[in-house]
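> Next input, structure requested:
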Amino acid sequence: MAYSFERPENFAGALLTPAQMSRADALAGNTDTLMEAAGRAVARSIMQRCGKVPVLVLAGPGNNGGDGRVAARYLAQEGWPVRVRDFHEAAPEETMRAGLVIDAIFGAGLSRDLDDRTIALLKAARRLVAVDVPSGLDGTTGRIRGFAPQAEFTITFVRKKPGHLLFPGRALCGEVLLRDIGMADAIIGQVQPDIWENGPALFRLPQRTATGHKYSNGDVTVLSGSLPGAARLAAMAARRAGAGMVSIAAKHAMPLPEAGILLRHEKLRVLLADARRKTWVVGPGLGIAAAGKKLARLVAAGGLSIVADADALTACESAPQHLRGVSVITPHEGEFVRVFGPAGPDKLAAARRAAILTGAVVVLKGPDTIIAAPGGVAAINANAPAWLATGGTGDVLSGLIAALLARGMAPFPAACAGVWLHGEAANAAGPGMLAEDLPPLLGRLAHG
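You can find the predicted model right below:
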């Protein structure tokens, strides 16, 4: 299976870890020029968004502190009342009196917890803007190192960091303003980024052709069990996302959600004998025992595109090797823990390890869904609204990804596209959305 993808031009949407950003800085070489541009960008962003108030710059020992000092100079030139204080010398009382605090203490590469004195200093701020990340936020994992303040907005440079998109970091950053400071795209290329913000730059949706027919647009089979509602949601999503044929395979009669979806009662071996059935969804509402057996049958058949979710994942508890041969798995956090063990403090790294272990693209669902491929490339999704967290939406996602696989997309871009389209449909539906509201919206979004 192909897990690579065509990298976007100019590395748009690339995310750089702090280590990669440090390497890019070293390759660029012109530290003073970059710092001048960064400080100017901080000052301009503040002048554009904030009324003129007394500003306190809390400056740290590294480049982050240097950016803050340059920003102070530009603000002062425009008549803003500005004080710069080394964070070791400042007191919480000064922070509390400031109309605006610029947090330029530590950047995204912090590798230790903040000390109590720095925490007290930041906690006293009534209004705070962060340079690069709020101090105390790990730019790689999005985790908090002891404490990190809530920023009104965060100004970062060149490319975002994973910690800007991963929770809890994403919430603490406020709005993230990405500013260009003149670093050449060629330098980003030398760093070889392998983490991306998920979005349309990472995939191309398949186009229908004038000579196409229903089978050339792919055939999706959804296995159904004792809870048929889940299979129905997956089938509806697959059909609306463009699969030419969609079937629900079930032992018993059941009401179909819409005309055009077929109900099949044949045994699995009979269905597998149909060479047109290349794409399968296994797990939603199937029952754990049945899902484990049928997943094994599908994998053994070979040559299939398989999306495994829900009961199929639980059936592989502590046995991730049973998922080898699956194209895409879509666990939520609980299912991920059952199969792979706790993700730990770095869930991006955990998702990437799971992808390597199984050979499947891993879609670790959550408010900051991670898509990780066995080859190491990963994407972090940021367009999903809070109201997407409701029963049945995961079933919709499984069917959506299956349809994109059936239409010819490789597993990694299909998963990226499915997750992004899922979020866009939820945004279009608005608060109060139900899972069954999503498939009709996908019909307008998933066709290029």
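> any low-confidence regions in the protein?
Along the chain, segments meeting pLDDT under 70 span 1-5, 210-216, 448.
> Tell me which residue of it is positioned farthest from its centroid.
G79 (41.2 Å; Cα atoms, centre = their mean).
> Which residues are in contact with it?
By Cβ atoms under 8 Å, 6 or more residues apart in numbering, G79 lies in contact with K52. For every residue, glycine as well, the C-beta is placed using N, CA and C.
> wait, is it part of a helix?
No. Applying DSSP: H, G, I helix; E, B strand; the rest coil, one finds G79 to be coil, outside a helix.
> Backbone dihedrals for it, both of them.
phi 90, psi 10 (degrees, to the nearest 10).
> beta partners for S247?
T221, L262 (DSSP bridges).
> residues contacting it?
219-222, 235, 261-264, 277.
> all helices for the stretch 151-300 of the chain, in order.
169-173, 185-191, 228-240, 268-272, 288-301 (DSSP state H, counting those that start in this stretch).
> Relative to G66, which of those helices is closest?
Minimum separation from G66 across the helices of the stretch 151-300 of the chain (Cβ to Cβ) falls at helix 185-191, 19.5 Å.
> Which residues does the closest one contact?
Residues from elsewhere that reach helix 185-191 (Cβ under 8 Å, 6+ apart): 10-11, 14, 16, 20, 23-24, 27-28, 158-159.
> care to break the chain down by domain?
11-193, 201-445 (automatic domain parsing).
> Can you get me the start-to-end distance on the longest one?
For domain 201-445, the first and last residues are 15 Å from each other (Cα to Cα, to the nearest Å).
> and if you look at the shortest one?
Counting by Cα to Cα, the length from the leading to the trailing residue of domain 11-193 is 8 Å.
> gap between it and the chain center?
Counting by Cα atoms, centre = their mean, to the nearest Å, domain 11-193 is centred 23 Å from the centre of its parent chain.
> From R49, how far off is L100?
For L100, the distance to R49 (Cβ to Cβ, to the nearest Å) stands at 10 Å.
> neighbour-wise, which of these two wins?
More neighbours surround L100 than the other of L100 and R49, with 22 against 13 (other Cβ atoms under 10 Å).
> Pull the contacting residues for the more buried one.
46, 50, 53-56, 127-129.
> Could you list everything it pairs with in the sheet?
V55.
> where's it relative to A151, distance?
11 Å.
> any idea which element the closest residue to P18 other than its chain neighbours lies in?
Nearest residue to P18, sequence neighbours excluded (Cβ to Cβ, 6 or more residues apart in numbering): G109, at 3.5 Å. According to DSSP states H and E, G109 maps onto no helix or strand at all.
> Contact partners for P92?
In this structure, P92 makes contact with 120-121, 123-124, judged by Cβ under 8 Å, 6+ apart.
> Swap in 10 Å and give it another go.
P92 makes contacts with 117, 119-125, as judged by Cβ atoms under 10 Å, 6 or more residues apart in numbering.
> Equivalent analysis for R143, please.
Here R143 is in contact with 136-137, 163, 166-169, 344-347 (Cβ under 10 Å, 6+ apart).
> switch the cut-off to 7 Å
Counting by Cβ atoms under 7 Å, 6 or more residues apart in numbering, R143 makes contact with P345.
> List the ones among the contacts of P92 that fall in strands.
Using DSSP state E, no member of the contacts of P92 sits in strands.
> Need the max-distance pair from the contacts of helix 185-191.
Between any two of the contacts of helix 185-191 (Cβ to Cβ), the greatest distance is 18.4 Å, for N10 and R23.
> thinking again about what came up before, quick check: PyMOL command selecting the buried ones in the contacts of P92.
Those of the contacts of P92 that count as buried under 16 or more other Cβ atoms under 10 Å are selected in PyMOL with:
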select buried, resi 119+121+122+124+125
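> and which of the contacts of P92 is nearest A300?
For these, the nearest to A300 is I119 (55.7 Å; Cβ to Cβ).
> Go ahead and confirm that closest one touches P149.
No. Assessed by Cβ atoms under 7 Å, I119 is found out of contact with P149, at 8.9 Å.
> Overlap of the contact sets of these two?
Contacts common to I119 and P149, judged by Cβ under 7 Å, 6+ apart, are absent.
> picking up where we left off before, tell me which of the helices of the stretch 151-300 of the chain sits most buried.
Among the helices of the stretch 151-300 of the chain, helix 228-240 has the highest mean neighbour count (mean count of other Cβ atoms under 10 Å), at a mean of 28.
> next one: that one to chain centre, how far?
24 Å.
> Can you tell me what sits against it?
Residues outside helix 228-240 that contact it (Cβ under 7 Å, 6+ apart): 220, 222-224, 246, 248, 250, 254, 257-258, 260-261, 281, 284-285, 310, 392, 395-396, 398-400, 402-403, 435-436, 438-440, 442-443.
> Show me which of these are buried.
Applying 16+ other Cβ under 10 Å to the contacts of helix 228-240 flags 220, 222-224, 246, 248, 250, 257, 261, 281, 284-285, 310, 392, 395-396, 398-400, 402-403, 435-436, 438-439, 442 as buried.
> Among those residues, which lie within strands?
Counting by DSSP E, the buried ones among the contacts of helix 228-240 place 220, 222-223, 246, 248, 261, 281 in strands.
> Without its sequence neighbours, what residue ends up closest to F412?
Here the residue nearest F412, using Cβ to Cβ, 6+ apart, is A373, at 4.3 Å.
> gap between the two ends of stretch 51-63?
26 Å.
> Repeat that for stretch 326-335.
16 Å.
> residues of that stretch that come out buried?
326-332, 335.
> rewinding a little: mind putting the helices of the stretch 151-300 of the chain into a markdown table with distance to E197?
Converted to a markdown table, the helices of the stretch 151-300 of the chain look like this (distance: least, Cβ to Cβ, whole Å):
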| stretch | distance to E197 |
| --- | --- |
| helix 169-173 | 11 |
| helix 185-191 | 14 |
| helix 228-240 | 24 |
| helix 268-272 | 39 |
| helix 288-301 | 32 |
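> Among the ones you listed, which comes closest to L364?
Distance to L364, taken as Cβ to Cβ, is lowest for helix 169-173 among the helices of the stretch 151-300 of the chain, at 15.2 Å.
> Show residues contacting that closest one.
In contact with helix 169-173 (Cβ under 7 Å, 6+ apart) are residues 130, 133-134, 137, 142, 148, 150-151, 154, 163-164, 368.
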